[in-house]
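In: coordinates only, sequence not included:
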């Protein structure tokens, strides 16, 4: 199987991720922060180490401001619903994933005002359009780091500067950026950073997180046991406990920690360079095949390692199916949980066939995909 | 290490749980329900199989009514916050975990009326007290299946009957019951059943779930990508998608599924019998040691495999620390995220030392614990 669905979940994982998970399950898989016996303490240490590694990766000063969640979607819901109140305005873009759009639409019912700024057909956001959309009641700007449909990298640093100048909370959905790009919450003025554990951070599914800048006080999504202040019948106010009720996914976080260690060791710029090269190589190859429409930025420099295409008017699901069944190539077809983004780039009815690369993909695999597409395109 | 902290997280896990997780990570760890390639389809199949096994265990008619969550706490929050609206009354007990009490206290701020029915000093709930507390605006009754402090088994079937007669939604927190007792949502009239994956169901941390009876329509805790109806910018209304936004913990659910298979194979009555025998054996042994106070029901028949004790006036944390460091025995001291339960049984200031057994514990291990306690008690 050639796996080109890394924008959904990265695969395979580095060997140290698997061994960290097995070690947790076999040796110390108890409840962190809940009980003082050796196994519980070791679980607590492993989770703290994960917070430290993630803090290092994103230049977060205090590891306790890293909150673990089930996935990026939960992190986005926590940030968005935890912050916004009826009467607030929130600004977002037309390239967002449903994990941003749907919570906003749910809040709209409660009196939150949602402004969606349009991006162009390649998915680009003009930061000036964000600036123009700001109102006195704008409380939050939330944008994706890079589109999961076209890979288009957003002007995060520019928007961060605008938000900071206006005193507006700035949230970034790093589902397609974390672990590939050098995301620096200080330099980029990011107040809330939602990230997945199971994509480019190379951890297992069931992990993700939210950086919450010191001083931002969110309403928790869930209350419950925190292993702290057990005597209180209300939620304690200390971080990360306030936002992490119930037993955490220790085995998942142990794996995620190993994934982040792998990235820190390889160097994030080396990872990005490799993925950019693969993307450039595929884009060049695609241009030589007739009847293929490529969506998004022309240059690999301007996109994450995500390429959406269509072959003539062929149904994207059919192309993806043939790639899987005939050629053993895993891609994802359709709307990728981002209908609005497909409306923006003009592929809402057809969907697209999405190729997304990871650190372990090779040029030979891209060659196989190009051969397969050449065959399919010639038979249309 | 002798592990007596199974009420927090069970350990060790059956070997088939570990192998199911490794298989997922190595062979098919892609996104279920999101993409039609072979790996994604296999992930979807494994998750559906997990729903089926859990449905079988709890006598749930439609596996699609089993929702996966990060842990029991999330399941409880989803049920409680998804159902209750300002003006509603909710009835619960004084033996609940903070995962029930804290969400209720948070809702109280929004105008939900919370009634807490007192249990006696052994943790027993009198079902008549629930009946008496019912008001015209009572929308929900939520009780634990068994106390995580004393093991006291609650009269779930009786309360379920009362709730059904009055047309009130009945929710059960099965954190300490699932995988040990024969929980039957039909026979017990349970409408919402929150359960952990990582305790007696023998799966890994990062898993849990909620059974939602057909016809009960909850407000989701989180909206986002569901892999379904991607064209909609609002949350789709179909189950389980409506309540499961974002990438699920496939590797965790694969492990949980294997844990449930292990239970179905061994037979839940055999598991219960073994745990009850260990509990009875420990209770008998404890009675022979002077200066030990045992909390909760006298007979093992009336409790889950949980025993809370204190030695004279010794700090529970100190006893637990000595058990760990000197004797290599893992227990949990303090308030166990259930301060109200400790107030009920009269141990709020001292906390308790909690021993909780699992299927893999032995009488020899209990003997070691009794020897250790005898030594500690003799030195007070």
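Out: Nice, thanks for sending it over. Since we're looking at a predicted model, the values are computed, not measured. Numbering: from 1, shown residues only, chains lettered A, B, ... in the order given.
In: which one in chain A is furthest away from the centre?
Out: residue A:231 (36.8 Å; CA atoms, centre = their mean).
In: shouldn't that one be in contact with residue B:348?
Out: Yes: if you go by CB atoms under 8 Å, residue A:231 and residue B:348 touch, sitting 7.2 Å apart. The way it works is simple: take the backbone N, C-alpha and C, and place the C-beta from them, glycine included.
In: Just the helices from chain A, written as ranges.
Out: A:15-23, A:38-58, A:72-83, A:98-108, A:127-133, A:156-166, A:250-266, A:268-287, A:316-327, A:339-345, A:363-379 (DSSP state H).
In: Pick the most buried one from those.
Out: helix A:72-83 (a mean of 27; mean count of other CB atoms under 10 Å in any protein chain shown).
In: Leaving out the residues flanking it, which one is nearest to the residue in the stretch 1-150 of chain A positioned nearest to chain B?
Out: Chain B sits closest to residue A:73 of the stretch 1-150 of chain A, with a gap of 2.8 Å, by CB to the nearest CB. Once flanking residues are discounted, residue A:73 sits nearest to residue B:246: 2.8 Å by CB to CB, 6 or more residues apart in numbering or on different chains.
In: Kindly report the same for residue A:276.
Out: Nearest residue to residue A:276 in three dimensions, chain neighbours excluded: residue A:300, at 5.0 Å (CB to CB, 6+ apart).
In: in chain A, which ranges drop under the pLDDT threshold?
Out: A:35 (pLDDT under 70).
In: shouldn't residue A:338 be in contact with residue A:96?
Out: Yes: under the criterion of CB under 8 Å, residue A:338 makes contact with residue A:96 at 7.0 Å.
In: Show me which of those two is the more surrounded one.
Out: residue A:338 (28 against 25; other CB atoms under 10 Å in any protein chain shown).
In: What distance do you get for the spatially most central residue of chain A to chain B?
Out: Closest to where the C-alpha atoms of chain A average out (CA atoms, centre = their mean) is residue A:175, at 0.5 Å. Separation of residue A:175 from chain B (CB to the nearest CB, to the nearest Å): 9 Å.
In: give me every residue that touches that residue.
Out: The contact partners of residue A:175, by CB atoms under 8 Å, 6 or more residues apart in numbering or on different chains, come to A:72, A:97, A:99, A:144, A:145, A:148, A:194, A:195, A:196, A:199.
In: which among those gets closest to residue A:119?
Out: residue A:144 (10.0 Å; CB to CB).
In: Let's have the helices of chain A in JSON lines, adding distance to residue B:296.
Out: Shown next, in JSON lines, are the helices of chain A (distance: least, CB to CB, whole Å):
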{"stretch": "helix A:15-23", "distance to residue B:296": "35"}
{"stretch": "helix A:38-58", "distance to residue B:296": "23"}
{"stretch": "helix A:72-83", "distance to residue B:296": "36"}
{"stretch": "helix A:98-108", "distance to residue B:296": "43"}
{"stretch": "helix A:127-133", "distance to residue B:296": "59"}
{"stretch": "helix A:156-166", "distance to residue B:296": "54"}
{"stretch": "helix A:250-266", "distance to residue B:296": "28"}
{"stretch": "helix A:268-287", "distance to residue B:296": "53"}
{"stretch": "helix A:316-327", "distance to residue B:296": "56"}
{"stretch": "helix A:339-345", "distance to residue B:296": "54"}
{"stretch": "helix A:363-379", "distance to residue B:296": "60"}
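In: now residue A:161, nearest residue through space, not along the chain?
Out: Here the residue nearest residue A:161, using CB to CB, 6+ apart, is residue A:189, at 6.3 Å.
In: Report the separation between that neighbour and residue A:162.
Out: Residue A:189 sits 9 Å away from residue A:162, going by CB to CB, to the nearest Å.
In: Check residue A:345 too.
Out: Here the criterion is CB to CB. By it, residue A:345 lies 24 Å from residue A:162.
In: and if you look at residue A:202?
Out: 32 Å.
In: One more: residue A:91?
Out: Using CB to CB, residue A:91 is found at 10 Å from residue A:162.
In: What of residue A:75?
Out: According to CB to CB, residue A:75 stands 23 Å off from residue A:162.
In: now residue A:36
Out: For residue A:36 relative to residue A:162 (CB to CB), the value is 48 Å.
In: Check residue A:234 too.
Out: Distance, residue A:234 to residue A:162, using CB to CB: 37 Å.
In: contacting residues around the residue nearest to residue A:276?
Out: A:276, A:277, A:279, A:280, A:283.
In: Test my guess that the last one contacts residue A:294.
Out: Translated: residue A:283. Yes: using CB under 8 Å, residue A:283 makes contact with residue A:294 at a distance of 6.8 Å.
In: shared neighbours, these two?
Out: Joint contacts of residue A:283 and residue A:294 (CB under 8 Å, 6+ apart) are residue A:307.
In: Closest to chain B out of the contacts of residue A:300?
Out: The shortest gap between chain B and any of these belongs to residue A:279, at 19.4 Å (CB to the nearest CB).
In: re earlier: return the subset of the contacts of residue A:175 lying in strands.
Out: With strands defined by DSSP state E, the entries of the contacts of residue A:175 inside them are A:144, A:194, A:195, A:196.
In: need the residues of the stretch 101-250 of chain A near chain B, please.
Out: A:101-103, A:105-106, A:196, A:198, A:204-208, A:220-227, A:230-235, A:245-250 (CB under 8 Å from any CB of the partner chain).
In: From these, list the buried ones, please.
Out: Neighbour-count burial (16 or more other CB atoms under 10 Å in any protein chain shown) is assigned, among those, to A:101-103, A:105-106, A:196, A:198, A:204-208, A:220-227, A:230-233, A:235, A:245-250.
In: In strands, which of those appear?
Out: Secondary structure assignment (DSSP E) places A:196, A:208 from those within strands.
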